[in-house]
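K.L.:
Below is the sequence, then the predicted model.
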Amino acid sequence: MGWRGLLRVVDFQALLSSQPVVAAALEKAQMAGGTKSPDAKSLREGYHLIARVLWTRRASMSRVHDLTWLDHSVVSAGARLGRVWEGEHGRASFAAAEEAVGEDAFRELFPREGSEWIEMPVEAFAGISPTVKLERGLSGPYRVGIVPEPQLRPLYEWSSKTKFHASPAATSLLGEVEALSAAARRGTGPSVAVVFAAHSFEDVAAE
């Protein structure tokens with residue numbers, strides 16, 4: 001069983017208005033590898049995913065996960081802070097740090113059970129709701145945490161204070177949370193959040 005986790009600053013306004021960026025990347029991928037190439041298929045799915053979220057004004061946990069990775073790899077690759085954990089080693093080190101911390105303040109970012117819907121301000125076009133509902137929590141292979149702008153300062157202060165008394169396993173993760181929450185607070189507006197998006201999946205043996 002494989003695993004990937006991404007901790008990232010996401011501007012949902014920029015992400016959900018990025019169809020031209022994704023379309024340009026898709027055209028480039030199709031020219032390089034053909035319309036049926038894995039890259040082209042993935043980008044085409046990303047383009048339609050953004051359209052569906054804008055139309056329905058809702059993003060389930062799996063869709064928030066996919067949007068976050070799309071932002072990381074295509075939309076604003078290198079433009080905002082992010083950290084990736086991969087494989088069993090990544091999951092084990094992450095789990096050890098999380099267990100060592102074990103604070104309620106962490107649960108919005110690293111939920112352990114259940115799910116809830118939160119509203120994020122995302123302007124679209126005339127006549128459409130100015131908010132999008134995003135699901136965070138734990139469901140099946142997906143685990144998604146979202147800390148929106150109003151909670152960024154408490155998260156920053158909590159991680160800054162806690163890391164000085166945390167175990168070595170937790171210190172690195174808390175430092176990441178501190179840096180990302182500080183960066184998100186310097187973001188462009190209320191649509192900026194710190195997001196954790198993880199997914200368990202079946203490993204495919206190399207041919």
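P.N.:
Cool, the structure landed. Residues are numbered from 1 along each chain as shown.

K.L.:
hey, where'd the helices end up in the protein?
P.N.:
12-16, 19-33, 38-56, 61-70, 87-101, 152-162, 168-185 (DSSP state H).

K.L.:
and residue 1, which of those is closest to it?
P.N.:
Residue 1 lies closest to helix 87-101 among those, at 8.3 Å (Cβ to Cβ). Quick note: C-beta positions are derived from backbone N, CA and C, even for glycine.

K.L.:
buried sites along the closest one?
P.N.:
91, 94, 97, 98, 101 (16 or more other Cβ atoms under 10 Å).

K.L.:
re earlier: rank the helices of the chain by mean pLDDT and give me the bottom one.
P.N.:
Sorting the helices of the chain by mean pLDDT places helix 87-101 lowest, at a mean of 84.

K.L.:
For that one, output the C-alpha coordinates as CSV.
P.N.:
Output of helix 87-101 as CSV, limited to C-alpha atoms (Å, rounded to 0.1, in the frame of the first residue of the first chain):
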residue,chain,number,x,y,z
GLY,A,87,6.0,6.0,1.0
GLU,A,88,6.0,4.1,4.2
HIS,A,89,8.9,6.0,5.6
GLY,A,90,7.1,9.3,5.1
ARG,A,91,3.9,8.0,6.6
ALA,A,92,5.7,6.6,9.6
SER,A,93,7.7,9.8,10.4
PHE,A,94,4.6,11.9,9.9
ALA,A,95,2.5,9.6,12.2
ALA,A,96,5.2,9.6,14.9
ALA,A,97,5.3,13.4,14.9
GLU,A,98,1.5,13.7,15.0
GLU,A,99,1.2,11.3,17.9
ALA,A,100,3.9,13.2,19.8
VAL,A,101,2.0,16.4,19.4
